[in-house]
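Engineer: here is a sequence together with a model predicted from it:
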Amino acid sequence: MESKIAVVAIIVSDVSAVERLNSVLHSYGEYVIGRLGLPYKEKNVNVISIVMDAPVEIINALSGKLGMINGVTSKVLTAK
């Protein structure tokens, strides 16, 4: 399978979702190139960006699992 570079932008608005979010991200750890997390206390959210090198199917599977977590919003941007 051909791999793609992708950036997954995640906003966590419910702190109780962090444990489940980290569990999902951990299960895709072999595809993660880097991770940056920033707490934005003034708005009571956390902003996370994940850079991946993975097949499109894996990227889509991660995106789908993130979409099922209440209090988590995510979008994926893939390189051409």
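Structural biologist: Thanks, I have the structure now.
Engineer: near residue 74, how many other residues are there?
Structural biologist: 19 (other Cβ atoms under 10 Å). Heads up, the C-betas are built off the backbone N, CA and C, glycines and all.
Engineer: just the residues contacting the strand or helix carrying it, thanks.
Structural biologist: Assessed by DSSP states H and E, residue 74 sits inside strand 72-78. Strand 72-78 is touched from outside by 4-14, 17, 21, 56, 59-60, 63, 66-67, with contacts defined as Cβ atoms under 8 Å, 6 or more residues apart in numbering.
Engineer: excluding its backbone neighbours, what's nearest residue 67?
Structural biologist: Among residues not flanking residue 67 along the chain, residue 74 sits closest, at 6.6 Å (Cβ to Cβ, 6 or more residues apart in numbering).
Engineer: measure the one you found to residue 1 for me?
Structural biologist: 22 Å (Cβ to Cβ, to the nearest Å).
Engineer: ditto for residue 48
Structural biologist: According to Cβ to Cβ, residue 48 stands 26 Å off from residue 1.
Engineer: now do residue 79
Structural biologist: From residue 79 across to residue 1, the span is 16 Å (Cβ to Cβ).
Engineer: check residue 62 too.
Structural biologist: The gap separating residue 62 from residue 1 is 15 Å, by Cβ to Cβ.
Engineer: and those two? Which one has more around it.
Structural biologist: Relative neighbour count places residue 62 above the other of residue 62 and residue 1, with 23 against 8, counting by other Cβ under 10 Å.
Engineer: I'd guess that one is in a helix, am I close?
Structural biologist: Yes - Residue 62: assigned to a helix according to DSSP: H, G, I helix; E, B strand; the rest coil.
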